[in-house]
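Peer 1: Just need the structure, nothing else, for what follows:
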Amino acid sequence: MNISSIANSIGSLAKTQANPTQKNDGATFSSMLNDAMKEVNTSQVEGYKAMEGIATGNVKNLQEAVQKIEEAELSLKLALEVKNKAINAYKEISKMQV
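Peer 2: Residues are numbered from 1 along each chain as shown. Presented below is the predicted three-dimensional model:
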């Protein structure tokens, strides 16, 4: 086991984590939120297409279709929970006295 390669890996990892305030490729919060909503929408569309395929009998792999439906449901639940947390955080901040 070569310990020097592990030390080099840890050293490079520490260097990348040294500047946590660095932006991720210039992405803003609104653009990241937009991208996340587009991903949720895409999974919803794929889920509906899978449901349509099951209903019409045009599905080749039932397991994949059910997996897409479940993925769409979970992504929507996650988006709703994130929205609820953001609204609760906003309410808490608005209650603070300045």
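Peer 1: next one: the one helix or strand N34 maps to to chain centre, how far?
Peer 2: N34 is part of helix 29-56 when elements are defined by DSSP states H and E. Offset of helix 29-56 from its chain centre (C-alpha atoms, centre = their mean, to the nearest Å): 12 Å.
Peer 1: now for the following helix or strand past that helix, which elements pack on it?
Peer 2: Counting by DSSP H and E, the next helix or strand C-terminal to helix 29-56 is helix 62-95. On a contact count with 3 or more C-beta pairs under 8 Å, 6 or more residues apart in numbering; DSSP states H and E, helix 62-95 meets helix 29-56. The way it works is simple: take the backbone N, C-alpha and C, and place the C-beta from them, glycine included.
Peer 1: Who are the packing partners of the helix it packs on?
Peer 2: helix 62-95.
Peer 1: between the helix it packs on and helix 29-56, what angle do the directions make?
Peer 2: Going by axes from the mean of the first three to the mean of the last three C-alpha atoms, to 10 degrees, helix 62-95 is angled at 150 degrees with respect to helix 29-56.
Peer 1: Buried by neighbour count: which residues of helix 62-95 qualify?
Peer 2: 65, 68-69, 72, 75, 79 (16 or more other C-beta atoms under 10 Å).
Peer 1: export those to a markdown table and tack on distance to V98 and pLDDT?
Peer 2: Below are the buried residues of helix 62-95 laid out as a markdown table (distance: C-beta to C-beta, whole Å; pLDDT from 0 to 100):
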| residue | distance to V98 | pLDDT |
| --- | --- | --- |
| A65 | 53 | 93 |
| K68 | 48 | 93 |
| I69 | 47 | 94 |
| A72 | 42 | 94 |
| S75 | 37 | 94 |
| A79 | 31 | 93 |
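Peer 1: Just the closest of those residues to N34, please.
Peer 2: Closest approach to N34 among these (C-beta to C-beta): A79, at 12.5 Å.
Peer 1: Perfect, I'm done here.
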